[in-house]
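Asks: fold the following for me, if possible:
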Amino acid sequence: MSTLLARIEIESAPQPTAAVIWLHGLGASGDDFAAIVPELDLTSCPAIRFIFPHAPDMPVTLNGGYVMPAWYDIFGAELGAGAVRREDAAGIAASAQAIEALIAQEMARGIAPEKIVLAGFSQGCAMVLHVGLRHADKLAGIMALSGYLPLADRLGLERHSANAATPIFMAHGTQDPVVVPSRGEAARAQLSALGYPVQWHTYVMPHSVHPREVADISAFLRQVLG
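Replies: Residues are numbered from 1 along each chain as shown. Have a look, this model is predicted:
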């Protein structure tokens, strides 16, 4: 287990029987969302272990090769609208393997996969959609916040039937200048066309988290884990 990603772990109560693995965005860290746990209304939920992994440091082309925490490289065009997108498939695959290892650890600690939620913001959102829809065991749910669907042209062939009916909470800011709203809407449309049960939420906000969104996240966790 020494190769697991460095991470923060917070338990809502002793002896958790559910887990939420929550991925931060580009240039951030696991600390980013750890502070949100006390704000969540987890009434009716079992004890939950929240896991906030830290992405590895790597040069990011979009930022002039500056080394920062990232789940994969961003070449520049993939966050804009209408441009031809070149994506870091190898980097996405490497992070997917690291996230799968965190899921496996929770299963080894006695938590059933159907009691595990994958959550992510921005680049972390892209990763949990990539991993969750390909994962071979049924998960409790996927929370996709202010992000997009990476390697979207591959999903139809690579998705796993285990999570065909897994609830997906998608949220996006109507004023997001980083991941433009049309990217989130395109992901929603593709997932809906494939039959996934998407719960779509928008908030008047930039690339951030809205207080009402926290309440909606709480409701989603109560729905899928309660």
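Asks: all the strands of the chain, residue numbers only.
Replies: 7-11, 18-23, 48-53, 57-60, 66-69, 116-121, 141-145, 168-173, 198-203 (DSSP state E).
Asks: would you reformat those as CSV and include mean pLDDT and mean neighbour count?
Replies: Where C-beta positions appear, they are placed from N, C-alpha and C, glycine not excepted. CSV is the format used below for the strands of the chain (pLDDT from 0 to 100; neighbours: other CB atoms under 10 Å):
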stretch, mean pLDDT, mean neighbour count
strand 7-11, 98, 15
strand 18-23, 98, 28
strand 48-53, 98, 24
strand 57-60, 96, 16
strand 66-69, 97, 14
strand 116-121, 98, 27
strand 141-145, 98, 27
strand 168-173, 98, 25
strand 198-203, 98, 17
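Asks: need the contact list for the most centrally placed residue in the chain.
Replies: For the chain, Gly120 is the residue whose C-alpha lies nearest the centre (CA atoms, centre = their mean; 2.5 Å). Gly120 sits next to 22-24, 126-129, 143-145, 147 when contact means CB atoms under 8 Å, 6 or more residues apart in numbering.
Asks: and those, which two are the farthest apart?
Replies: His24 and Leu129 (15.1 Å; CB to CB).
Asks: who has more neighbours out of the two?
Replies: For His24 and Leu129, the more surrounded residue by other CB atoms under 10 Å is Leu129, and the numbers stand at 27 against 23.
Asks: which residue lies farthest from the center of this structure?
Replies: Here the chain reaches farthest from its C-alpha mean at Gly64, the gap being 25.3 Å by CA atoms, centre = their mean.
Asks: need the pLDDT of that one.
Replies: pLDDT for Gly64: 89.
Asks: and Leu145, how close does it get to Leu225?
Replies: Separation of Leu145 from Leu225 (CB to CB, to the nearest Å) stands at 17 Å.
Asks: Pro197 now?
Replies: Separation of Pro197 from Leu225 (CB to CB): 16 Å.
Asks: of the two, which one has the most company?
Replies: Applying other CB under 10 Å to Pro197 and Leu225 shows that Leu225 carries more neighbours, namely 21 against 12.
Asks: these two touch, right, the more buried one and Cys45?
Replies: Yes: in this structure, Leu225 is within contact of Cys45 by CB atoms under 8 Å, at 4.9 Å.
Asks: what's the single longest helix in the chain?
Replies: helix 89-108 (DSSP state H).
Asks: residues in contact with that helix?
Replies: 1, 3-5, 7, 19, 21, 23, 49, 51, 53, 55-56, 58, 70-73, 113, 116, 118, 126-128, 130-131, 134-135, 137, 150-151.
Asks: re earlier: redo the contacts of Gly120 as CSV? Include distance to Val204.
Replies: Supplementary listing: the contacts of Gly120 in CSV, determined by distance: CB to CB, whole Å:
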residue, distance to Val204
Trp22, 23
Leu23, 24
His24, 23
Ala126, 23
Met127, 26
Val128, 24
Leu129, 24
Met143, 20
Ala144, 19
Leu145, 15
Gly147, 18
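Asks: what is the nearest of the residues you listed to Pro206?
Replies: Leu145 (13.0 Å).
Asks: what's that closest one in contact with, if anything?
Replies: 119-122, 124-125, 170-172, 209, 213.
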